[in-house]
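**Student:** Provided below for reference: sequence and predicted model.
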Amino acid sequence: MKDKKKLKILLICLVILVVIISIVLVVYNTNKNNVKNVDMASLDIEMVTEGNFNNNRMLDITKQEASEIFGINPDYIEEVIGKTPLLNISSSMYIVVKAKKDNVQDVKKCLEVYVVKYEQEWASYLEDQYELVKNRELGNKGDYVYLIICDEPDKLVKLIK
């Protein structure tokens, strides 16, 4: 009789342990993949300030510019911020796209294609600007896809939470 009681208690403890471990794993994976919503207007201001972009000589990137310049289908975009130079005296720029859930990789691919052409443009022009293009940051955090070209792009990536 005592053996059956010990077995029941052991079985109940094992079930409780499995449930606890499952809950911990679910919570951990949810937090790991969960990227906070970004206030894009505030991020835009921070990017300009922290990246030392000359706001007066830059064009704001809208959905239309994202489509025309970077080849991104506007239907893939929930929100977009960014700056691109008005004149070809600086290669510094940034674009952050909040992509629709199913289009993150599509947006990223468009930026990858664009940056290859952009690098070729600067390869035989201004060496210091070409180095900036080569040291770019291109990636994504959750649904946010970014391309950053400036002196310290890694510093700006950290602003995207």
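**Tutor:** The structure has been received and is ready for your questions.
**Student:** return the set of residues that bridge with Y94.
**Tutor:** K83, I148 (DSSP bridges).
**Student:** what residues are up against I160?
**Tutor:** 38, 43, 96, 141, 144, 146 (Cβ atoms under 8 Å, 6 or more residues apart in numbering). For every residue, glycine as well, the C-beta is placed using N, CA and C.
**Student:** surely N140 is in a strand?
**Tutor:** Yes - checked against DSSP: H, G, I helix; E, B strand; the rest coil, N140 lies within a strand.
**Student:** can you tell me the centre-most residue of this protein?
**Tutor:** The centroid of the chain falls nearest to N140 when counting by Cα atoms, centre = their mean (2.9 Å).
**Student:** just checking, next helix/strand downstream of the helix or strand of the chain with the lowest mean pLDDT?
**Tutor:** Here the helix or strand of the chain ranked lowest by mean pLDDT, DSSP states H and E is helix 2-33, holding a mean of 69. Once the chain leaves helix 2-33, the next helix or strand it forms, by DSSP states H and E, is helix 40-50.
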